[in-house]
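*Asks:* Sequence plus predicted model, see below.
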Amino acid sequence: MLFESQKIEYTHSGQAKLIFPDIGLDAGESLLVLGKSGSGKTTLLNLLAGLLKPEAGEIKLAGKNLAALNGQELDLFRGKEIGIVFQKPHLLAALNVKENLQMAHFFSRKKGQNIEELLGELGLAGKAKSSVLTLSEGEAQRVSIARALATSPKLILADEPTSSLDDENAEKVVKLLKTQAAKIGAALIIVTHDQRVKAHIPNFVEVKSV
Ligand SMILES: Nc1ncnc2c1ncn2[C@@H]1O[C@H](COP(=O)(O)OP(=O)(O)OP(=O)(O)O)[C@@H](O)[C@H]1O
């Protein structure tokens, strides 16, 4: 199994304990994380990304136990092996599209995918030199997906990646995430309440507050 999380628990200060469903994914498999507002979906994604430390349970990616890594090792491992797509694209405004992707390569210290090729596959071939400030919302979200994929990570995490997109762009984004994850042999986890995403990915877990 490429990615596994078991018996994870986390408590935000002053809040009730969150207990999460177990996850197991092979390379190329996709999973949705569903649940009501406030149930802990974003918290789960942050735990899986190693941005928060679980108080119980185990998270393993490609045979590595995240808890066994120190802060610096975890940052490097995340840069190489985990691609994160946020609800709103966080791109560096001073840089053009291609430079934003080159930054991902630089920080991960990994060769990763050919940037021109990746932009072509995401329908952004003509935008390499464009300022990210001139992109439409759909284009900017595709650039942030390209950035998450640039390092060929083993795990792709996406938090509500389609919520601000129209139907056409939402469908494009889900299909791209799915096909790219399959192509690079990554596991894909999407937090969503978007029906349009559910139509493409049947496999899901539900986060419930206890
Ligand atoms: N930094 C924090 N400090 C304290 N409580 C927090 C913190 N972050 C989240 N919480 C609480 O933890 C619970 C889970 O939050 P989380 O953002 O994971 O939920 P969610 O399912 O992603 O919600 P939504 O669908 O509204 O984005 C909520 O009750 C939230 O108020």
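*Replies:* Received the coordinates, thanks.

*Asks:* can we go C-alpha only for contacts and neighbour counts from here?
*Replies:* OK.

*Asks:* beta partners for the residue nearest the centre of the chain?
*Replies:* By CA atoms, centre = their mean, the chain has its centre lying nearest to residue 157, at 2.1 Å. Here residue 157 sits in beta bridges with residue 84, residue 189, going by DSSP bridges.

*Asks:* for it, what are its contacts?
*Replies:* Residue 157 makes contact with 45, 49, 82, 83, 84, 85, 188, 189, 190, according to CA atoms under 8 Å, 6 or more residues apart in numbering.

*Asks:* what about the nearest residue to residue 137 once chain neighbours are set aside, neighbour count?
*Replies:* Spatial nearest neighbour of residue 137, excluding adjacent residues (CA to CA, 6 or more residues apart in numbering): residue 165 at 7.1 Å. For residue 165, the count of nearby residues is 15 (other CA atoms under 10 Å).

*Asks:* next one: residue 178
*Replies:* Other residues close to residue 178 by other CA under 10 Å number 22.

*Asks:* Likewise for residue 196?
*Replies:* Summarising burial for residue 196: neighbours were counted as other CA under 10 Å, giving 15.

*Asks:* which bits of the protein sit near the ligand?
*Replies:* Within the chain, the positions lying close to the ligand (CA under 6 Å from any ligand atom) are 12, 13, 36, 37, 38, 39, 40, 41, 42, 43.

*Asks:* Regarding this structure, what is its longest helix?
*Replies:* Identified as the longest helix of the chain according to DSSP state H is helix 167-184.

*Asks:* Report the mean confidence score over it.
*Replies:* Mean pLDDT, helix 167-184: 89.

*Asks:* So that it lines up with my notes, have the first residue be 3 from now on.
*Replies:* Happy to do that; since the first residue is 3 now, the last one works out to helix 169-186.

*Asks:* which residues are contacting it?
*Replies:* So helix 169-186 is in contact with 29-32, 124, 140, 143-144, 147, 151, 154-156, 158, 163-165, 189-190, 198-199, 202, going by CA under 8 Å, 6+ apart.

*Asks:* From those residues, which land in helices?
*Replies:* Reading helices off the contacts of helix 169-186 with DSSP H, I get 140, 143, 144, 147, 151, 198, 199.
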